[in-house]
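**Student:** sequence unknown, structure follows:
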Ligand SMILES: CC(=O)N[C@H]1[C@@H](OP(=O)(O)OP(=O)(O)OC[C@H]2O[C@@H](n3ccc(=O)[nH]c3=O)[C@H](O)[C@@H]2O)O[C@H](CO)[C@@H](O)[C@@H]1O
Ligand SMILES: C=C(OP(=O)(O)O)C(=O)O
């Protein structure tokens, strides 16, 4: 696969309307969950991003028919599923390959999965997945692959060792097909976990407590057909807030899913970036205060990620780049991934005033004038943060490894250019 680079002319003001793509992290588990039913399923608002294409290839290799019948519409019919040796390279490209475990345990009694991939942003645990699936009756043998087997899945009371997003999703997909009742405690409740649960209900699952950290599931052995629309990507919406703020642009985000934006808006407000709500649209005005609000007593404020409904880990890189353009000092504390903040050296080379205190914390002092640079995108969100920095900087910047950005953001060059950006996409 050729590399991609973006040539970005900075200093452009953007204006206009944009509709967020469907949520990557909802589309992926829902595509995996289509393997639970032998009936046809129609998915709308599916983002056309690399991770989705990779998972669709894996699902096809298992015997499911998967056809794009519209730009964002994917029909999947897993009439028969055969257990095959999955393409290890494809599995290693995406974190979501591990999500095949739950559905294939339920449908075929087992699967062998090579280790999953995904962003290289620190250690990515799978222990929560293993713990939950074992409690539901699976045996798991680990060598260079994970061998999952279960003659029968049996519901039980499961307390997850941490509210892992994909761990909760795997447990949920196994539990809906297990015999009897499962209670999943300390579960993740992110919008994508809710979206998966709602899809499972649409194909016939019985789940109570969707959106909370305790879900009660009555297992069933028969699943039907469904048509389901993937919700908007709140991480893309948060990225657009940061982008509009630092480029002083007025952007209307159509059908933004405002019900899921409270913690995101609250944290941008701490940086002096205030958005307006208009129905389900989010309006980001061009005139922003861009002043970091001190905590009570004049103390240095903090932006930190936490499990949902608090501020999402996937927006930390965007918060850092936004803060470089705001007046004041803020501590950004990323608690989850120990390599996610290392990309700040690239912002520093552009002129940002940031101290990397340790792998999890940076102090940002702003505002600083960003200069053009030659950059390399280490992961999806740092890549997007660098794209935002390049659009805010004076001069023309180059972002190598931009295919990382495209793992998560659909046609971002075209869609931002339609708002007035200048991003040229080239093979690298
Ligand atoms: C395919 C997919 O869906 N990937 C997402 C998924 O990965 P993934 O499911 O791999 O991440 P996990 O939720 O397992 O993360 C590990 C653990 O970190 C902890 N934790 C989480 C958030 C936080 O702000 N602080 C914290 O300490 C949680 O308790 C969690 O259990 O969830 C991550 C956390 O939202 C996101 O970064 C990834 O984009
Ligand atoms: C970390 C991310 O994705 P993944 O879990 O798929 O690597 C992300 O979306 O920011």
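**Tutor:** All right, it came through fine. All values reported here derive from a predicted model rather than from experimental measurement. Ligands and ions are numbered 1, 2, ... in the order given.
**Student:** show me the contacts for residue 12.
**Tutor:** Under the criterion of C-beta atoms under 8 Å, 6 or more residues apart in numbering, the neighbours of residue 12 are 247, 391, 420, 421, 422. Glycine gets a C-beta too; all of them are placed from N, C-alpha and C.
**Student:** Contacts for the strand or helix carrying residue 31 next, please.
**Tutor:** Element membership of residue 31 [criterion: DSSP states H and E] is helix 24-33. Outside helix 24-33, the residues that touch it by C-beta under 8 Å, 6+ apart are 43, 46-47, 49, 51-52, 55-56, 59, 74, 76, 94, 96, 99-100, 102-103, 165-166, 169, 173, 190-192, 195-196, 199-200, 203, 228, 230-231, 233, 235, 408.
**Student:** hang on, the earlier thing: as a markdown table, the contacts of residue 12 with pLDDT, neighbour count and distance to ligand 2 would be great.
**Tutor:** Listed next are the contacts of residue 12 as a markdown table, based on pLDDT from 0 to 100; neighbours: other C-beta atoms under 10 Å; distance: C-beta to the nearest ligand atom, whole Å:
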| residue | pLDDT | neighbour count | distance to ligand 2 |
| --- | --- | --- | --- |
| 247 | 98 | 23 | 22 |
| 391 | 98 | 26 | 20 |
| 420 | 98 | 14 | 26 |
| 421 | 98 | 23 | 22 |
| 422 | 98 | 15 | 25 |
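**Student:** Among the residues you listed, which one sits closest to ligand 1?
**Tutor:** residue 391 (22.9 Å; C-beta to the nearest ligand atom).
**Student:** Assumed the closest one was part of a strand.
**Tutor:** No: Residue 391 is assigned helix when assessed by DSSP: H, G, I helix; E, B strand; the rest coil, not a strand.
**Student:** Contact partners for it?
**Tutor:** 8, 10, 12, 243, 246, 247, 416, 421, 423.
**Student:** Now do the SS call for the third one.
**Tutor:** For residue 12, the secondary-structure state derived from three-state DSSP is coil.
**Student:** That one and residue 423: what is the separation?
**Tutor:** 10 Å (C-beta to C-beta, to the nearest Å).
**Student:** Next step: the contacts of residue 12 restricted to strands.
**Tutor:** Among the contacts of residue 12, the ones falling in strands (DSSP state E) are residue 422.
**Student:** domains for the protein, by residue range?
**Tutor:** 4-21+232-427, 24-229 (automatic domain parsing).
**Student:** So which residues on the stretch 301-428 of the chain come close to ligand 2?
**Tutor:** Neighbours of ligand 2 within the stretch 301-428 of the chain, by C-beta under 6 Å from any ligand atom: 314, 380, 381, 408.
**Student:** Would you reformat these as a markdown table and include secondary structure?
**Tutor:** As requested, these are exported to a markdown table (three-state DSSP):
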| residue | secondary structure |
| --- | --- |
| 314 | helix |
| 380 | helix |
| 381 | helix |
| 408 | coil |
